[in-house]
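Undergrad: below are the sequence and a predicted model for it; my questions follow.
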Amino acid sequence: MRFLEGVSARLTTVLAAVAGVTLVGMMLLTVANMVLRQVAVPFGATAEVVGWLSALTTALALGYSQVKKAHIAIEMVTDRLPPRARAALVGVMRLVSLALFVLMTWQLAGYATNIRRLGTLSETLRISYYPLVYLVALGVAAFCLRLLVETLSGFRGRRPA
């Protein structure tokens, strides 16, 4: 269990750092494009690249957000439940979430494989973008690993590290 927690912690930290870089890249590209609009011809594919970077930023930060409990949690109902019922409900919801995000990871990886096989290119830049879809799948997979760690820890009656 500690091994999974360690892998999850390291992976989510690294992916969060990459997400930070993509966020800064998005900002720099947007600012550079605004400046270029005033002095020269702007970069034509800004919307496409910013879209890719925003998908990467979101997906790669999912696991770290889960570690920091930065996601929205509505506890109006669960706060009124007895502790055992609350724990059972949280466990079931983690399992359902884990199943959903495992399915999402599988579908994203399959989609990336399909567009690689077909040789699909992006609309504006006409480059192959399947590696970005694989990176999004990696970010969601890291989130799945974190959910698995939390689910197993919850069943063992302790909080994950």
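TA: Sure thing, it's come through.
Undergrad: contacting residues around the nearest residue to R116 once chain neighbours are set aside?
TA: Nearest non-adjacent residue to R116, counting by C-beta to C-beta, 6 or more residues apart in numbering: Y130, 4.1 Å away. Using the backbone N, CA and C atoms, a C-beta is placed for each residue, glycine as well. By C-beta atoms under 8 Å, 6 or more residues apart in numbering, Y130 lies in contact with A112, T113, I115, R116, T120.
Undergrad: the third one contacts V133, correct?
TA: In other words, I115. Yes. Taking C-beta atoms under 8 Å as the definition, I115 is a contact partner of V133 at 6.8 Å.
Undergrad: more neighbours, those two?
TA: Applying other C-beta atoms under 10 Å to I115 and V133 shows that V133 carries more neighbours, namely 23 against 15.
Undergrad: quick check: the residue nearest in space to the middle of the chain vs V7, distance?
TA: The residue lying closest to the centre of the chain (C-alpha atoms, centre = their mean) is A59, at 2.2 Å. Distance from A59 to V7, counting by C-beta to C-beta, to the nearest Å: 18 Å.
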